[in-house]
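A.B. asks: sequence first, predicted coordinates after that:
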Amino acid sequence: MSASETPAYSMNIHSADGTAETGITVFDGYNRVCASGEGRVSEVLPKGLYMVRLERFGAMEEHLVIHEQNNSLDFMPPARNSAMPTMDTRHTHEYYQGPSMEYSRKSTLDEHAVSDSHVRMMVMIRARGEQDYSGIDLSAGLSLFTAAGRLVSGFEDNETVRDSRSGWRIYSEMLPPGGYLLVLIVRDVVRFLPVRLYPGWDSFIFLPYEQQLRLTQASLDMVPAGSGFEPGNSLTMAIDGALKGLGERLDLLPEPLRMEALYGKFEHPLLGLVGAHAHFMGKLRKERLEEAVLNNLWSLLPDSPDVIALLIMALEHDHTFPDSMQALQEKAAQAFGASCRSSLEMEFPPMLRSGLRALVRASGTIPDIIKAGSWLEAAALNDLAAGSAWTVWDQELSSVRLVLQLPEGGREVPGTQHIYSSVKRAIATHAGVLVNTVRANDKVGSFFPTINKQLPDVLHDIAVDLGGIPLDNVPRIQADDQVRDVMRKFKGTTHQSRIRATGVTPQTAAPVWLLDFAREALEEIETGEQPDFQALAFEAGVPLRQLLEAVKTVQKT
């Protein structure tokens, strides 16, 4: 039978949710596109085997269709991966959605002196998968701080509600608008995620737990104060899907929402932020961003680092970026319709990573835009969250003050840094070496030829230095244990203790990698040639001031 004689039938495919947000593509057996559409496809196709691909907010599923009669098919849209328990995500259950709705409207702890200007922050930690999470502390190592370094919550049992078996924990409280830091201790480093609360808007942060907390995979919902989280809200789902796309440099906003964002016709601040960022990487990036977008965003999110970062991106895009702080202030006043002079020596990072990178670029021309010693400078130096939409960065453990806490009625014992110092000091004393020569990965047996004879004295000194840990509770140490293993075993002597951060500071000293970069760059410059420090800062992806500090340090050594 020739191709012209092959019978043909109608193929009608619909997205079962009835929206136009699901892209549908039909492929034949030769992987050729036969039909495509948004939300629905209707085409007359020859009898045969076809592949139907559905795509929605970055999620994709494929279905084989045997086409030998008129077909009318409904397919459910592919479920997204997200920590936010909306109706369109994987691993979403009522035992996630119910508590998130309830505690997006009420607090998990007793509150005092709540002002009318306060707004709600809810942080929900939720595991992925259907297993029993009893005995796992989902919030271990997590704390919440203000930008000034004041501890707000350690996510303790008396501050949260939880279902250990189902795998979720929620903290919810009314807080003053301003900058906050979610701080997570991950082994020997500390990870930071900045969150900013705005007047009139409640913010809900959803953190996934997959063997450990994943700050880089956070989801954020903002709603008018008091209105609460709604798992079935289509705008919430669209914005969350588009935010995930930003991390992969994809524009996943549906066309109608993109147009609202592009022309400043939005009422939801996250739609404006996501839409503007998507604009600079999407198919319409050649078009100028309307000033109405920035003006509207500034009125919804006053003093926002993210909105200032968008102004920088817009000026870069139009090749009109100024060469002085005064000129930038004038352009900001024109764009926002209000003076923002006090906001332009910036201290707190934008939440979106692409905004952080824009501010770092701007600092090459206007160094004072990033305040020295600020959280913004720390984020710019240590930014690591490639593939994430969010500004997330790491610092060394020394930038955080820690304690280990016992359950109620137990005694408080020294933190990680104290324990580590005590272990190194005791080993150095009895081995007859300098303290700074004892490294975390050294084996204990390498210091003591007769370990069974000398080790009891070492353990005794550590126990005494740590406040008199009972000798019958001193851990068992072996020759093959590394120094870091000894430290961890002494942590275990506190029984059900958990690490809690009690103080945080920005870490803005030039990291080793930047010093190495500066050294190599200087070595490559010909004698007598003047280095282009601005270009070097751009290449390193750090503020110009920090590149210059690294150069000075290298030149002194």
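C.D. replies: Looks like it arrived, so ask away.
A.B. asks: which residues of the stretch 251-400 of the chain score low on pLDDT?
C.D. replies: 282-287, 383-386 (pLDDT under 70).
A.B. asks: need the contact list for Thr160.
C.D. replies: Thr108, Leu109, Ser139, Arg169, Ile170, Tyr171 (Cβ atoms under 8 Å, 6 or more residues apart in numbering). To be clear about C-beta, it is placed using only N, CA and C from the backbone, and glycine gets the same treatment.
A.B. asks: okay, these in CSV with secondary structure, neighbour count and distance to Ala537 next?
C.D. replies: Converted to CSV, these look like this (DSSP: H, G, I helix; E, B strand; the rest coil; neighbours: other Cβ atoms under 10 Å; distance: Cβ to Cβ, whole Å):
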residue, secondary structure, neighbour count, distance to Ala537
Thr108, coil, 22, 44
Leu109, coil, 13, 45
Ser139, coil, 24, 38
Arg169, strand, 26, 41
Ile170, strand, 24, 42
Tyr171, strand, 26, 39
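A.B. asks: among these, which two are most distant?
C.D. replies: Leu109 and Ser139 (13.9 Å; Cβ to Cβ).
A.B. asks: in this structure, which residue is closest to the centre?
C.D. replies: Among the residues of the chain, Thr216 comes closest to the average C-alpha position under Cα atoms, centre = their mean, at 3.4 Å.
A.B. asks: identify each buried residue in whichever helix or strand Tyr9 is part of, please.
C.D. replies: Assessed by DSSP states H and E, Tyr9 sits inside strand 8-15. By 16 or more other Cβ atoms under 10 Å, the buried positions in strand 8-15 come out as Met11, Ile13, His14, Ser15.
A.B. asks: list just the nearest of those residues to Trp390.
C.D. replies: Ser15 (29.4 Å).
A.B. asks: for the strand holding Tyr9, name the packing helices and strands.
C.D. replies: Applying 3 or more Cβ pairs under 8 Å, 6 or more residues apart in numbering; DSSP states H and E, we find strand 8-15 packed against strand 23-27, strand 40-46, strand 48-56, strand 59-67, strand 71-75.
A.B. asks: what's the mean pLDDT across the second one?
C.D. replies: Across strand 40-46, pLDDT averages out at 91.
A.B. asks: swap in the first one?
C.D. replies: Averaging pLDDT along strand 23-27 gives 91.
A.B. asks: show me how far the strand holding Tyr9 is from its chain's centre.
C.D. replies: Distance of strand 8-15 from its chain centroid, counting by Cα atoms, centre = their mean, to the nearest Å, is 42 Å.
A.B. asks: angle of it against strand 40-46?
C.D. replies: Strand 8-15 and strand 40-46 are oriented at 160 degrees to each other (axes from the mean of the first three to the mean of the last three Cα atoms, to 10 degrees).
A.B. asks: neighbours of Glu316, how many?
C.D. replies: 14 (other Cβ atoms under 10 Å).
A.B. asks: does Ala362 really touch Ile312, like I thought?
C.D. replies: Yes: assessed by Cβ atoms under 8 Å, Ala362 is found in contact with Ile312 at 4.8 Å.
A.B. asks: overlap of the contact sets of those two?
C.D. replies: Here Ala362 and Ile312 have Phe321 as joint contacts, going by Cβ under 8 Å, 6+ apart.
A.B. asks: sorry, back to before: put together CSV for the helices and strands packed on strand 8-15, with mean neighbour count and distance to Phe517 on each row.
C.D. replies: Below are those laid out as CSV (neighbours: other Cβ atoms under 10 Å; distance: least, Cβ to Cβ, whole Å):
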stretch, mean neighbour count, distance to Phe517
strand 23-27, 19, 43
strand 40-46, 15, 52
strand 48-56, 18, 40
strand 59-67, 14, 38
strand 71-75, 14, 51
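A.B. asks: among those, which is nearest Phe348?
C.D. replies: Short answer: strand 59-67, nearest of those by Cβ to Cβ, at 32.9 Å.
A.B. asks: so what strands line up beside that closest one?
C.D. replies: In the sheet, strand 59-67 lines up against strand 48-56 (antiparallel) (DSSP bridges).
A.B. asks: tell me which of the buried residues of strand 8-15 has the lowest pLDDT.
C.D. replies: Across these, the smallest pLDDT goes to Ser15, namely 84.
A.B. asks: so what pairs up with it in the strands?
C.D. replies: Phe75.
A.B. asks: who are the contact partners of it?
C.D. replies: Contacts of Ser15 (Cβ under 8 Å, 6+ apart): Glu21, Thr22, Ile24, Gly39, Arg40, Leu54, Arg56, Asp74, Phe75, Met76, Pro77.
A.B. asks: just checking, what packs against the strand or helix carrying Ala309?
C.D. replies: Using DSSP H and E, the element containing Ala309 is helix 305-317. Under the contact criterion of 3+ Cβ pairs under 8 Å, 6+ apart, helix 305-317 touches helix 269-279, helix 291-300, helix 325-336, helix 353-363.
A.B. asks: how far does it sit from the chain's center?
C.D. replies: With Cα atoms, centre = their mean, you get 20 Å for helix 305-317.
A.B. asks: quick one: buried residues of it?
C.D. replies: Across helix 305-317, burial judged by 16+ other Cβ under 10 Å covers Pro305, Asp306, Val307, Ile308, Ala309, Leu310, Leu311, Ile312, Met313, Ala314, Leu315, His317.
A.B. asks: ok, the fourth one to Trp298 distance?
C.D. replies: Separation of Ile308 from Trp298 (Cβ to Cβ, to the nearest Å): 9 Å.
A.B. asks: what touches both of these two?
C.D. replies: Cys340.
A.B. asks: isn't Pro231 right next to Glu94, touching?
C.D. replies: No: contact criterion Cβ under 8 Å: Pro231 and Glu94 do not qualify, at 9.5 Å.
A.B. asks: report the contact partners of Ser227.
C.D. replies: Ser227 touches Asp202, counting by Cβ under 8 Å, 6+ apart.
A.B. asks: helix, strand or coil: sort out it for me.
C.D. replies: Ser227 carries the three-state label coil when classified by DSSP: H, G, I helix; E, B strand; the rest coil.
A.B. asks: number of residues surrounding Ile525?
C.D. replies: 12.
A.B. asks: need the buried residues of helix 305-317 in CSV with distance to Arg439, can you?
C.D. replies: Supplementary listing: those in CSV, determined by distance: Cβ to Cβ, whole Å:
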residue, distance to Arg439
Pro305, 39
Asp306, 42
Val307, 46
Ile308, 43
Ala309, 41
Leu310, 46
Leu311, 47
Ile312, 43
Met313, 44
Ala314, 49
Leu315, 48
His317, 49
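A.B. asks: pull the most distant pair out of those residues.
C.D. replies: Top of the distance list for the buried residues of helix 305-317 (Cβ to Cβ): Pro305 and His317, 18.6 Å.
A.B. asks: how near is Glu330 to Ala314?
C.D. replies: To Ala314, Glu330 is 15 Å away according to Cβ to Cβ.
A.B. asks: repeat for Thr146
C.D. replies: 30 Å.
A.B. asks: with just CA atoms, put stretch 514-533 into PDB.
C.D. replies: Provided in PDB are the C-alpha atoms of stretch 514-533 (Å, rounded to 0.1, in the frame of the first residue of the first chain):
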ATOM      1  CA  LEU A 514      40.900  34.500  44.800                       C
ATOM      2  CA  LEU A 515      44.500  34.900  46.100                       C
ATOM      3  CA  ASP A 516      45.700  32.200  43.700                       C
ATOM      4  CA  PHE A 517      43.800  33.900  40.800                       C
ATOM      5  CA  ALA A 518      45.400  37.300  41.700                       C
ATOM      6  CA  ARG A 519      48.900  35.700  41.900                       C
ATOM      7  CA  GLU A 520      48.600  34.000  38.600                       C
ATOM      8  CA  ALA A 521      47.200  37.100  36.900                       C
ATOM      9  CA  LEU A 522      50.000  39.200  38.100                       C
ATOM     10  CA  GLU A 523      52.600  36.600  37.000                       C
ATOM     11  CA  GLU A 524      51.200  36.700  33.400                       C
ATOM     12  CA  ILE A 525      51.400  40.500  33.100                       C
ATOM     13  CA  GLU A 526      54.500  41.800  31.300                       C
ATOM     14  CA  THR A 527      57.000  43.900  33.300                       C
ATOM     15  CA  GLY A 528      55.900  47.500  33.300                       C
ATOM     16  CA  GLU A 529      52.400  46.800  32.000                       C
ATOM     17  CA  GLN A 530      49.500  48.200  34.000                       C
ATOM     18  CA  PRO A 531      47.000  45.500  35.000                       C
ATOM     19  CA  ASP A 532      43.400  46.000  33.900                       C
ATOM     20  CA  PHE A 533      41.900  45.300  37.400                       C
END
